[in-house]
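Undergrad: When you get a sec, could you give me coordinates for this:
(one chain, ligands or ions: 1)
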Amino acid sequence: MWEVHDFPVPADLAKTAHLDAAGYEKMYRESIENPEAFWAEHGKRIDWIKPYSKVKDVSYDASDLHIKWFHDGTLNAAANCLDRHLAERGDQVAIIWEGDDPKDDKKITYRELHRDVCKFSNALKDLGVKKGDRVTIYLPMIPEAAVAMLACARVGAVHSIVFGGFSPDALAGRIQDCDSNIVITADEGLRGGRTVPLKVNTDKALEDCPDCKTVVVVKRTGGSVNFVEGRDHWYHEICDAASDDCPPTEMGAEDPLFILYTSGSTGKPKGVLHTTGGYMVYASMTHQYVFDYRDGEIYWCTADVGWVTGHSYIIYGPLANGATTLMFEGVPNYPDFSRFWQVCDKHNVSIFYTAPTAIRALMREGDGPVKSTSRKSLRILGSVGEPINPEAWMWYHEVVGDKRCPIVDTWWQTETGGILITPLPGVTNLKPGSATLPFFGVEPIIVDGDNKVLEGATEGNLCIQDSWPGQMRTVYGDHERFIQTYFTTFPGRYFSGDGCRRDEDGYYWITGRVDDVINVSGHRMGTAEVESALVAHDKVAEAAVVGYPHDIKGQGIYAYVTLNAGLEPTEELRKELVTWVRKEIGPIASPDLIQWAPGLPKTRSGKIMRRILRKIAANEHDALGDTSTLAEPAVVDDLVENRMNK
Ligand code: 6R9
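TA: Below you'll find the predicted structure:
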């Protein structure tokens, strides 16, 4: 529908930008040639209690793998997001909260947020929370989620946020993995007019977590909840009773700030650990440069705080920069498909950051719901979470942005803490579908399967050559897994798990995961997790899960299921298995398609040939490749014959 073409920086934008292309190149070169000097300078952008004298101490050598930045400095992340702004912008709005119901909203100034955080910090201390303790947060998108994160940071506790869409089992697994003995939740969440039973889920999860002895409950909907005497506490009651004077705890730069669980190709989700100093420097610097944030602007990232995008670009980056950050409780299609743009008009949003899956879903509804709004406040649009197809990029640019707003397609990961490959608005010429060029301090490397570096225009596995301050430091409780996952496939470099193409202009085009991770609506899912949920069902003998192309979600979940001997596949059982996976993991893991498989294609050593299953699911049977090494080549014919995705 749209003619896809490149977009050189328009002259008027170039005029107001802080850098030009040559300026970017110069600064980029300095950052790569002399990272110590570069980061020594840019580390100063945040407030340190004790300034650092050391900048970087990194080894990617598997026998002594460590990553440290600014490590003799001390600071407090919450003080950087709050206290440092009080003198100059105490009365400026820090958070605009927009509720699920368009009639519900709230503005919270930096002074108010500081007071709320101090009170809750004291309440947490009264409940026994100490520096280094892990605090699980299972909250909807309400200001108390920001308060809870910052209160943890203020007292030196390590927060672990679990997305509100996860099931009791998934919540329990995360509480156990990080040995957390306190959960902060709400009575219920509210999304798209429907309630989410967060307290009920928490109660269920805690049946399997005997060491978790404290629950704080935010009253969101007022729905009736079970209350366990001695264990459960109302958030408002403990905050009311607490003093609003709470000095920030002095933290080492390398003290943990948070854990965030994310899916990998094998095993259970990993607890990605981020520390304080480098993360804050990197989150704040990328937020400022990538979104060209200017004082007084309203900035809106539509992510949930349960994902890394919410951590870095709703809370820590924007608040460290003294920005006004909008927090949205709802969904793009409630009450109608115009909601995003109505919210932009209502709050004068200048910078809007969302995911391709949302753009594609809205695009399908036509231009009407967009055109009925003004959107004249919009200046910059952003995209994150998955590759954006050029058609969706064009629609975002032409229809949403009225051809006026540059789009920053930002590539990064939970592990990277902040954006690594991205255009800079007014600086980088844009190509729809490309994340363009690396951020300062980031050196992307494309390697082939043998770790041979591929130069020039090429395609292969995306690695990063050296460290950047926002990088994860370890997998919580399993440093060996950290080394195994990211530093052994291609020794000496960080391996992202993504495939990537570099074109003749040096632009990067992310092609998607090259491992067994699928990206469903921008959410990462390990196929192994869905498989283990399926085989936990007593009628399932074996299961293999792959991704397949899906118009809206980017990738859908395609499951091949072998039932126990003697069982007849039925429609009812199919539905039962979908419900089962939702219960085991959460709605985001629901299989879109389940195919009954009398057998799975395996090598003679018993390995499932996922390559073949991916091809069948994608309807590419002509490209099945060599199947002669299979133990039973005939199973492939049956699978092709009965595929679901016709
Ligand atoms: C921030 C976030 C990371 C994976 C990543 C990649 C995909 C993210 C992308 C993108 C193409 C982009 N991804 N941004 N692919 N273009 N702009 O999403 O973190 O949830 O850990 O997912 O998402 O495959 O490896 P996370």
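Undergrad: Show me where the stretch 151-300 of the chain dips below the pLDDT cut-off.
TA: Nowhere does the stretch 151-300 of the chain drop to pLDDT under 70.
Undergrad: For it, which residue gets nearest to the ligand?
TA: Nearest residue of the stretch 151-300 of the chain to the ligand (C-beta to the nearest ligand atom) works out as Thr262 at 5.2 Å. Every C-beta, even on glycine, is put in place using the N, C-alpha and C of the backbone.
Undergrad: That residue touches Pro269, doesn't it?
TA: Yes: between Thr262 and Pro269 there is a contact under C-beta atoms under 8 Å: 6.0 Å.
Undergrad: circling back to that earlier point, residues contacting the closest residue to the residue of the stretch 151-300 of the chain closest to the ligand other than its chain neighbours?
TA: The shortest distance from Thr262 to any non-neighbouring residue, by C-beta to C-beta, 6 or more residues apart in numbering, is to Thr414 (4.2 Å). Each residue near Thr414 by C-beta atoms under 8 Å, 6 or more residues apart in numbering is listed here: Leu260, Thr262, Val272, Trp307, Val308, Met472, Arg524.
Undergrad: try Trp411
TA: Val384, Ile419, Leu420, Ile421, Thr422, Ala435, Asp498, Tyr508, Ile510.
Undergrad: what's around the nearest residue to Pro423 once chain neighbours are set aside, how many residues?
TA: Computed as C-beta to C-beta, 6+ apart, the closest residue to Pro423 that is not its neighbour in sequence is Thr436, at 4.3 Å. For Thr436, the neighbour count with other C-beta atoms under 10 Å is 22.
Undergrad: and Thr436, how far is that from Gly385?
TA: Using C-beta to C-beta, to the nearest Å, we find Thr436 at a distance of 17 Å from Gly385.
Undergrad: So which bits of the chain are right by the ligand?
TA: By C-beta under 6 Å from any ligand atom, the residues of the chain that approach the ligand are 262, 307-309, 383-387, 409-414, 435, 496-498, 510, 512-513, 519, 524.
Undergrad: Now Gly497: closest residue in space that isn't a chain neighbour?
TA: Gly497's closest residue in space is Asp515 (C-beta to C-beta, 6+ apart), at 4.8 Å.
Undergrad: what's near enough to touch the one you found?
TA: Gly264, Ser265, Gly497.
Undergrad: what's the next secondary structure element after the longest helix anywhere in the chain?
TA: The residue-count maximum for a helix in the chain (DSSP state H) belongs to helix 110-126. Using DSSP states H and E, the helix or strand that follows helix 110-126 in sequence is strand 134-138.
Undergrad: chain center to that next one: distance?
TA: Taking C-alpha atoms, centre = their mean, to the nearest Å, one finds strand 134-138 lying 17 Å from the centre of the chain it belongs to.
Undergrad: got the angle for it vs helix 110-126?
TA: If you take axes from the mean of the first three to the mean of the last three C-alpha atoms, to 10 degrees, strand 134-138 sits at 120 degrees to helix 110-126.
Undergrad: Tell me the helices and strands packed up against strand 134-138.
TA: Using 3 or more C-beta pairs under 8 Å, 6 or more residues apart in numbering; DSSP states H and E, the elements in contact with strand 134-138 are helix 143-155, strand 158-161, helix 168-177, strand 182-186, helix 198-206.
Undergrad: Export these as TSV, with columns for mean neighbour count.
TA: As requested, the helices and strands packed on strand 134-138 are arranged in TSV below (neighbours: other C-beta atoms under 10 Å):
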stretch	mean neighbour count
helix 143-155	27
strand 158-161	25
helix 168-177	22
strand 182-186	27
helix 198-206	22
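Undergrad: To Ala253, which of those lies closest?
TA: helix 143-155 (13.5 Å; C-beta to C-beta).
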